[in-house]
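**Q** sequence and predicted structure are below.
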2 protein chains.
Amino acid sequence: MTKDYYIYNTLTRNKELFKSVNPGMVGLYVCGPTVYGEPHLGHARPGITYDVLVRWLRYLGYKVRYVRNITDVGHLEHDADEGEDKITKKARLESLEPMEVAQTYTLAYHEAMRKLNVAPPSIEPRASGHIIEQIQLVQTILDKGFAYISNGSVYFDTQAYDAKFHYGLLSGRNLDDTRENTRELDGQSDKRSPFDFALWKKASPEHIMKWPSPWSEGFPGWHLECSAMSEKYLGEVFDIHGGGMDLCFPHHECELAQNTVSRGQGGVRYWMHNNMITINGQKMGKSLGNFITLNEFFTGSNPHLDQAYSPMTIRFFILQAHYRSTVDFSNDALKAAEKGLKRLLQAVRDVDAITFSSGEGVNAELKKDYDGVFDSLCDDLNTPVALSFIYDAVRLLNQAKDHQITLHSADRILLDELLRKIVPDVLGLVDESTESGSESIVGGLMDMILEIRKEAKAKKDWTTSDLIRDRLKDVGIQVKDTKDGVEWSR
Amino acid sequence: MTKDYYIYNTLTRNKELFKSVNPGMVGLYVCGPTVYGEPHLGHARPGITYDVLVRWLRYLGYKVRYVRNITDVGHLEHDADEGEDKITKKARLESLEPMEVAQTYTLAYHEAMRKLNVAPPSIEPRASGHIIEQIQLVQTILDKGFAYISNGSVYFDTQAYDAKFHYGLLSGRNLDDTRENTRELDGQSDKRSPFDFALWKKASPEHIMKWPSPWSEGFPGWHLECSAMSEKYLGEVFDIHGGGMDLCFPHHECELAQNTVSRGQGGVRYWMHNNMITINGQKMGKSLGNFITLNEFFTGSNPHLDQAYSPMTIRFFILQAHYRSTVDFSNDALKAAEKGLKRLLQAVRDVDAITFSSGEGVNAELKKDYDGVFDSLCDDLNTPVALSFIYDAVRLLNQAKDHQITLHSADRILLDELLRKIVPDVLGLVDESTESGSESIVGGLMDMILEIRKEAKAKKDWTTSDLIRDRLKDVGIQVKDTKDGVEWSR
């Protein structure tokens, strides 16, 4: 943790020096998927963004508790506030139990994240698994006078809240301005104001997912779960809350209001939002006919795609943009990313193929690239700039491979750190042609074995070198001595 | 569904013709893992057994809703009835949030099942996610007079139950007989009788996982979750309840008693129990020093194992025994299974290599094998007999390959059904040579490295042994010397 890490805080609209609540530990909450459909690009971007954040914080030495929820109930969108919860609707259409739908799409989401090399969170709480905590939170907000009961439902009173705090603080809105631009729908609502939002909804008789509560048999409002679960697993005050920019309003604004009422101001230190993705310059949406699932990317089975793009290509492509910029997906851009990734992964392998001269001198350009990578990651996780420095280091490595320049042992340490630590461990870019985890362990073990073999040969310890030769043959590994060193293959 | 499927019912101790409650649909509930430790053989057997059951029922044309729970709270074993819940204990020792422990081992379990080609269930409910349903069930049992409150905890009244129904019906016990063989522990319990079991436990102040209830802040008793969740997702009456034979008493007996009180008799149609596994003839247990995790089998990193055994070898080995027989694991038996599996998968590939003559004639032996496979699977899922018929078909296929006999197009249809449907789709035996390649190489390399380390130590060659220690640490492998030999883990 010698590096100062700066993070853009949506709440203050400033890049701030990151300071964790508890020294050496970070609590991170990220809004996870609503599991009522196939995972798509909109899931990949936050998945990858916060995965790199966690990997980076861990690289810096923090112990991170990463909580990412599964919304399996009560996702009321603003248009559907009066209506059914999305999952229940889908379940009834398919004649399925809602939890069976949730399981199907939770598994699909997990599988897609696994392919994208997005590590699972430390805790993955489900909204349906925290109804008691949500009921307790509604009660607290009622007790404090910022909610009211109407026809068995409970609504958050945005006017009462705005009179004391500021509803719109996070998203930069102003309740009075917003009100003038909104058409009031008389008689269609139990709400006092159109901005009020449901904390608890009374269920209609045909509603499947419902639980008993002091107010009605019903279900929690969507915004409630994240307030309840983040407090349960991270405490009243925690470090970072992340999510897509589309969640900033109303979801996070409502969450912030709930938090402020129940636990006071300043509960979340840094609010972090990743920007959206577009496809050929257009917003992606089912109604726009340009909706592409992640599996369709991986298999190429969508009319908008010229070919299949591997999960690692998608990951690399997303990291080529800063997380606060939009990303536009097109076949041309993806094909370019595919090539760039290939070149990078070749360089990762090539570190072993180069002869490093002895000596302590460090290549000045390489040192600049090395520092640039760390500086840009410390600068609000600027992955595109970090990648450009990595590519410059790759250029030097290729020059050394072609014997145009000479690199020394001290350079190898820098290259190893960039290509064998930052690239796979922080950026999560790994060779997916084989099973990634075991693959890199095989590489590490082989490095050691070849070193032992070299020393055994130098000491004329033929027992050991013969043992190594025979056993490698048994597991199907061939070793070849070349003038540049030792090569091995399976 | 032209085939009659017979299933052994633990409740009646008879093989019965299977008839589903709803035509064409099956509701199946299986007790899943308690997620406080690494997955081991005891998880593999029920995982694989009920996976084959589900695959077979689906093959027969049933739509199956398969519910398998995750016990992430309230697992009170009979000895620990007075004490802490296992997960909380582990969490505190590791200074972790209990749900972080649960997540770690849930992921490990899912990963092991994925490797064993065990398909995920339709719904995977968590005990911690169904506290409200469990509290409601406790209230129902109290209201009906079969439970009592004692010091904030609620206990099931086995004597009151036994007076009206029969406590011990499933496990074949008799409350009076059992009582005489049990030592009463005076003053140590809030319970009226030692057989009474907790429905709700009042939590001690230091207990982390607890929820509000009408009786105390506490947590549900272990037996409760399966009654509550099976009813929620499968209804009051459903088809099959499965689990390991070790769960028959007290867990399923208590579940049956709870069900009977709340929803009447006959709620579960068929109770199905898989038998236990042993290692070299001994029961497996941590205290016995012969505890082997699934990952240790997959990598060979346990002193009891001569080599790594692939997940598919473990699966095949388990299916070589009938699920109601014990299975004894030994290196010799596993090596034989590895060979047998290899031969079977070669045959699956060979179907394409054979020239089938035109003509409608069917080889009589092959037809007998074909019928034998279906008859044995219909006979309470007799996988070892089914496999023996499949091997006889493989023998015929190999004879045809060697031009000793001639097979015709009609034979190919039978072979395709057996080797390309039953083997992969029902038995779930597939070629894993690509997937687990790196895994087994890691195992082979580690065997060699540990041998070199042993010799280096014997020769007092500390340079080599230190190098090995440091480099293994770099690649994330821990080595531990135990009295039985050397263990390693990632």
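**A** The structure has been received and is ready for your questions. Keep in mind it's a predicted model, so treat the numbers as computed, not measured. Numbering: from 1, shown residues only, chains lettered A, B, ... in the order given.
**Q** contacts and neighbour counts: CA atoms only from here.
**A** Will do.
**Q** what is the neighbour count of the residue of the stretch 101-250 of chain A found nearest chain B?
**A** Per C-alpha to the nearest C-alpha, residue A:129 is where the stretch 101-250 of chain A lies closest to chain B, at 3.4 Å. For residue A:129, the count of nearby residues is 22 (other C-alpha atoms under 10 Å in any protein chain shown).
**Q** so who does residue A:345 touch?
**A** By C-alpha atoms under 8 Å, 6 or more residues apart in numbering or on different chains, the contact set of residue A:345 is A:430-431.
**Q** ok, residue A:34 - how many residues close by?
**A** If you count neighbours by other C-alpha under 10 Å, residue A:34 ends up with 22.
**Q** try the one 10 residues further on
**A** Other residues near residue A:44 number 22, with proximity taken as other C-alpha under 10 Å.
**Q** give me the pLDDT value at it.
**A** Note for residue A:44: predicted pLDDT of 96.
**Q** just residue A:23 next, same as before
**A** For residue A:23, the model assigns a pLDDT of 89.
**Q** same check on residue A:435?
**A** For residue A:435, pLDDT reads 48.
**Q** same question for residue A:208.
**A** On the pLDDT scale, residue A:208 gets 80.
**Q** for it, grab the count of nearby residues.
**A** Neighbours of residue A:208 using other C-alpha under 10 Å come to 18.
**Q** what about it, distance to residue A:217?
**A** 11 Å (C-alpha to C-alpha, to the nearest Å).
**Q** one more: residue A:328?
**A** Using C-alpha to C-alpha, one gets 44 Å for the distance from residue A:328 to residue A:217.
**Q** one more: residue A:472?
**A** Distance of residue A:472 to residue A:217, given as C-alpha to C-alpha: 65 Å.
**Q** my read is that residue A:464 contacts residue A:455, right?
**A** No. Using C-alpha atoms under 8 Å, residue A:464 is not in contact with residue A:455, being 9.7 Å away.
**Q** which of the two has more neighbours?
**A** residue A:464 (19 against 15).
**Q** tell me which element the more buried one is part of?
**A** Assigned by DSSP states H and E, residue A:464 belongs to helix A:462-474.
**Q** repeat for residue A:344
**A** Going by DSSP H and E, residue A:344 is part of helix A:331-350.
**Q** show the subsequent helix or strand relative to that helix.
**A** Where DSSP H and E defines the elements, the next helix or strand beyond helix A:331-350 is helix A:364-378.
**Q** residues in contact with the residue nearest to the residue of the stretch 101-250 of chain A closest to chain B when sequence neighbours are not counted?
**A** Spatial nearest neighbour of residue A:129, chain neighbours left out: residue B:129 (3.4 Å); criterion: C-alpha to C-alpha, 6 or more residues apart in numbering or on different chains. Residue B:129 is in contact with A:126, A:128-130, counting by C-alpha under 8 Å, 6+ apart.
**Q** of these, buried ones?
**A** A:126, A:128-130 (16 or more other C-alpha atoms under 10 Å in any protein chain shown).
**Q** Serialize the residues you listed to TSV and add fields for secondary structure.
**A** Below are the buried ones among the contacts of residue B:129 laid out as TSV (DSSP: H, G, I helix; E, B strand; the rest coil):
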residue	secondary structure
A:126	strand
A:128	helix
A:129	helix
A:130	helix
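**Q** which one of those residues is nearest residue A:315?
**A** Nearest to residue A:315 among these is residue A:126, at 26.0 Å by C-alpha to C-alpha.
**Q** nearest residue to that closest one other than its sequence neighbours?
**A** Leaving aside its sequence neighbours, residue A:126 sits nearest to residue A:70 (C-alpha to C-alpha, 6+ apart; 4.8 Å).
**Q** what about the one you found, neighbour count?
**A** Neighbour count of residue A:70, defined by other C-alpha under 10 Å: 20.
**Q** over to residue A:39?
**A** 24.
**Q** which strand or helix spans the closest residue to it other than its chain neighbours?
**A** Closest residue to residue A:39 apart from its sequence neighbours, by C-alpha to C-alpha, 6+ apart: residue A:109 at 5.5 Å. Assigned by DSSP H and E, residue A:109 falls within helix A:98-115.
**Q** mind checking how far stretch A:44-51 is from the chain centre?
**A** Computed by C-alpha atoms, centre = their mean, to the nearest Å, the separation of stretch A:44-51 from the middle of its chain amounts to 2 Å.
**Q** and the contacts of it?
**A** Residues contacting stretch A:44-51 (C-alpha under 8 Å, 6+ apart): A:30, A:113, A:116, A:118-119, A:242-244, A:274, A:276-277, A:294, A:315, A:318-319, A:323.
**Q** what about burial for these, which qualify?
**A** Neighbour counting with 16+ other C-alpha under 10 Å marks A:30, A:113, A:116, A:118-119, A:242-244, A:274, A:276-277, A:294, A:315, A:318-319, A:323 as buried within the contacts of stretch A:44-51.
**Q** which of those fall in strands?
**A** The subset of the buried ones among the contacts of stretch A:44-51 located in strands under the criterion DSSP state E comprises A:30, A:242-244, A:274, A:277.
**Q** which parts of the stretch 101-250 of chain A sit against chain B?
**A** Within the stretch 101-250 of chain A, the positions lying close to chain B (C-alpha under 8 Å from any C-alpha of the partner chain) are A:103-104, A:122-124, A:126, A:128-132, A:211, A:233.
**Q** got those residues as JSON lines, with pLDDT columns?
**A** Below are those laid out as JSON lines (pLDDT from 0 to 100):
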{"residue": "A:103", "pLDDT": "95"}
{"residue": "A:104", "pLDDT": "93"}
{"residue": "A:122", "pLDDT": "96"}
{"residue": "A:123", "pLDDT": "96"}
{"residue": "A:124", "pLDDT": "98"}
{"residue": "A:126", "pLDDT": "97"}
{"residue": "A:128", "pLDDT": "96"}
{"residue": "A:129", "pLDDT": "97"}
{"residue": "A:130", "pLDDT": "97"}
{"residue": "A:131", "pLDDT": "97"}
{"residue": "A:132", "pLDDT": "98"}
{"residue": "A:211", "pLDDT": "95"}
{"residue": "A:233", "pLDDT": "92"}
